[in-house]
Structure formats: structure tokens, C-alpha cells
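Peer 1: can you look at this prediction? I've put the sequence above it.
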Amino acid sequence: MDKIIGFIGCGNMAQAMIGGIVDSGLISSKNIYVSNPIVEQLDLVRSKYGVNITKDNREVAKVSDVLIIAVKPHICDQVIKEISHDLKDDVIFTSIAAGKTIKSLEESLGARKLKIIRTMPNTPVQVGEGMSVIANNDLVNEDDLKTIEELFGSFGRVEYLEEKFFDGATAVSGSSPACIYILIEALADSAVRAGIPRDKAYTMVAQTVKGTAEMVLETGIHPGELKDKVCSPGGTSIEAVAVLEKEGFRSAVISAIKASAQKSKELSENNN
Ligand SMILES: NC(=O)C1=CN([C@@H]2O[C@H](COP(=O)(O)OP(=O)(O)OC[C@H]3O[C@@H](n4cnc5c(N)ncnc54)[C@H](OP(=O)(O)O)[C@@H]3O)[C@@H](O)[C@H]2O)C=CC1
Ligand SMILES: O=C(O)[C@@H]1CCC=N1
């Protein structure tokens, strides 16, 4: 792709996205620009991926065809005001900030009427297996959507979703990797308890989680039916299922995601 991609903020999520984009080969690292106040993070992405770095957000804003705001939600407004006059007229202005609505981004941009993409990716973008949900304002055209789809598609799957669903999407695909890692840790601890060496435990568990997810994506079979196929009558799996149901596993997951979506809603109310 022959576009300049800029990142404002070089934290966990920007680093994951830069890694995903560069590894995919879609964009040359010399076409990626990143700004951040702390130079250590910048040095890290330059040495790892060969991207252009600067402490000056405005420098990134001036050159970017797609500008990605990757700072914490409460900092967005001040950063947008700082760079708004430097942005190109036809920039695709993209935010990954949780809870930051398109309307509030438009307000922060003031007189600048720009194409806006609101997206919620997740950290697995770093290994090309991300999930990004996307919404846009009316100024975004078909070609822009193709650009965004290609960019975000370079490191995982892309789904367009009406913006009213973003609190749920933020919880389900943005935040839920944290829950899956806890599940992986718990399964690995159980393997260690059963005497399996820890390094082998992580491999066994992670591959099992990956394969299980692939089964859902590739077969399209309902997860309940796939679960039934694992549980031999009177066998080992149904014993595990019975304990999870008794301990309220489903209910705990549903409550966790509800709390996460609620927090996204609160961020919207406080930062917009
Ligand atoms: N982590 C995740 O899984 C996901 C995060 N997001 C969203 O991505 C955004 C970033 O999150 P995350 O990467 O986790 O957070 P981080 O804190 O890791 O990254 C934010 C980065 O922004 C930098 N920063 C702070 N102030 C400025 C400024 N004025 N100008 C430029 N850069 C600045 C920070 O530097 P310093 O450390 O020096 O303050 C830091 O490097 C958030 O809005 C979050 O909602 C979205 C999807 C998933
Ligand atoms: O925890 C957070 O707020 C960010 C947004 C989604 C994932 N991480």
C-alpha cells in the first residue's frame, strides 16, 4: 500500500499494530511515522521495525494519509487540538480510543471537517490474528473504506458495526483477550498441578485455545454442538463441564463482559 500511516502514541496497542502491519509486508516501515513523549518506546519500535520516530505529534500529523490516534481516551482531546491544523485535508483520521465517539472526535476537530474512522482492535493484531470493529462518519467514501479494510485486514479480521454497538464490541473483542489469558494461565496451572512441565503446559493450552477458536470460525458449527462432540458419555470432559456449570463459569463471563461494556460507556460519558 502506497500510503503514509501515522501513529500518535507508542504504547501497547500502537506497538502491536505496528508489529502486525510491518510483519504483513503491506506497508514499508519507512512509510510509518510514530510519535510519543517518551523516547525509550520510540527507540524500541525503530530498532524492532525500522519505522520513523519523533517526539513531535505535529510532525506525524503533517505527513500522514491515515492518522491513528493511539493515546489513552482522556488525552485524546488535548492531542487532537494540538495537531488539528497540521492534518492533511483528505487524511483518514482514525481513533482506537475506548469510549471515544465519532461525534466527540468531530467536536475536538472543530472547524476541520475530516473523514473519521472509529475502530476497536485488540492486541492479537501483533501476530496477524487481531479483531478490529470499525465505524465511520459520512465523509468516508468507498475508497477510504477499502484502504482501512486493507490496513486493518493486514493484521486480522475486520467487521463493520454500527457505532451504537461499540461499548459491547470494546468489551467482547478489545478487552476479552485479558480474560482469555487468565483462562490460559488457569489451564496451564492445572496442567502443572497434574505434573506437566510449565513450558509444555503453555504450549498445550495455547494451541488448544487456538484450535478451539479455529473450529468455531472454520466450521460455523454452534459452540454448544462442538462441546457436545468433546464430551464422551460417562467420560472426562463432562466432569469438567459439570464443575464449570456448578461454579457459575458462564455467569461470571457474562458479568465480566457486562462490567467491561459499562466501563466503556462511562468512558464515553466522561471523555466526550
Ligand atoms: N491495550 C489494548 O488492548 C487496547 C487499547 N485500545 C485503546 O488504545 C489506546 C492506547 O491504549 P494502550 O496502548 O493500551 O495505552 P498505553 O498507555 O500503553 O499507550 C499510550 C501511549 O500514548 C503516549 N502518550 C501519552 N501522552 C501523549 C501525548 N500527549 N502525545 C503522544 N503520545 C502520548 C503514552 O506515553 P507515556 O507512557 O509516556 O504516557 C503511551 O506510550 C487507548 O485509547 C485504548 O482505549 C484499543 C484497543 C485495545
Ligand atoms: O483496557 C482498555 O481500556 C483497553 C481498551 C480495550 C482493551 N484495552
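Peer 2: Right, received. Where do you want to start? Ligands and ions are numbered 1, 2, ... in the order given.

Peer 1: so which residues of the stretch 1-150 of the chain form strands?
Peer 2: 5-8, 32-35, 52-54, 66-69, 92-95, 115-120, 130-136 (DSSP state E, counting those that start in this stretch).

Peer 1: need the residues of the stretch 151-272 of the chain near ligand 1, please.
Peer 2: Gly174 (CB under 6 Å from any ligand atom). Quick note: C-beta positions are derived from backbone N, CA and C, even for glycine.

Peer 1: just the C-alphas of stretch 71-89, formatted as CSV.
Peer 2: Provided in CSV are the C-alpha atoms of stretch 71-89 (Å, rounded to 0.1, in the frame of the first residue of the first chain):
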residue,chain,number,x,y,z
VAL,A,71,-3.3,7.6,23.3
LYS,A,72,-5.5,7.0,26.3
PRO,A,73,-9.0,8.3,26.0
HIS,A,74,-8.6,11.2,28.4
ILE,A,75,-5.6,12.5,26.5
CYS,A,76,-7.3,12.4,23.0
ASP,A,77,-8.9,15.8,23.2
GLN,A,78,-5.7,17.7,24.0
VAL,A,79,-3.7,15.7,21.4
ILE,A,80,-6.4,16.4,18.7
LYS,A,81,-6.4,20.1,19.4
GLU,A,82,-2.6,20.1,19.2
ILE,A,83,-2.5,18.5,15.7
SER,A,84,-5.8,19.6,14.1
HIS,A,85,-4.4,22.4,12.0
ASP,A,86,-1.5,20.2,10.7
LEU,A,87,-3.6,17.4,9.3
LYS,A,88,-4.0,16.9,5.6
ASP,A,89,-7.5,17.8,4.2
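
Peer 1: can you give me the buried ones in it?
Peer 2: Buried residues in stretch 71-89, counted by 16 or more other CB atoms under 10 Å: 71, 73, 76-77, 79-80, 83-84, 86-87.

Peer 1: which outside residues touch that stretch?
Peer 2: 8-9, 11, 57-58, 60-62, 64-65, 67, 69, 93, 95, 97-100, 104-105, 108-110, 112, 114, 267, 270-271 (CB atoms under 8 Å, 6 or more residues apart in numbering).

Peer 1: near ligand 1, anything from it?
Peer 2: Yes: residues of stretch 71-89 contacting ligand 1 under CB under 6 Å from any ligand atom: 71-73, 75, 79.

Peer 1: and the furthest pair within these?
Peer 2: Pro73 and Val79 (10.8 Å; CB to CB).

Peer 1: secondary structure class for the residue sitting furthest away from the middle of the chain?
Peer 2: Going by CA atoms, centre = their mean, the residue of the chain most distant from its centre is Gly234, 40.5 Å out. Secondary structure state of Gly234, per DSSP: H, G, I helix; E, B strand; the rest coil, is coil.
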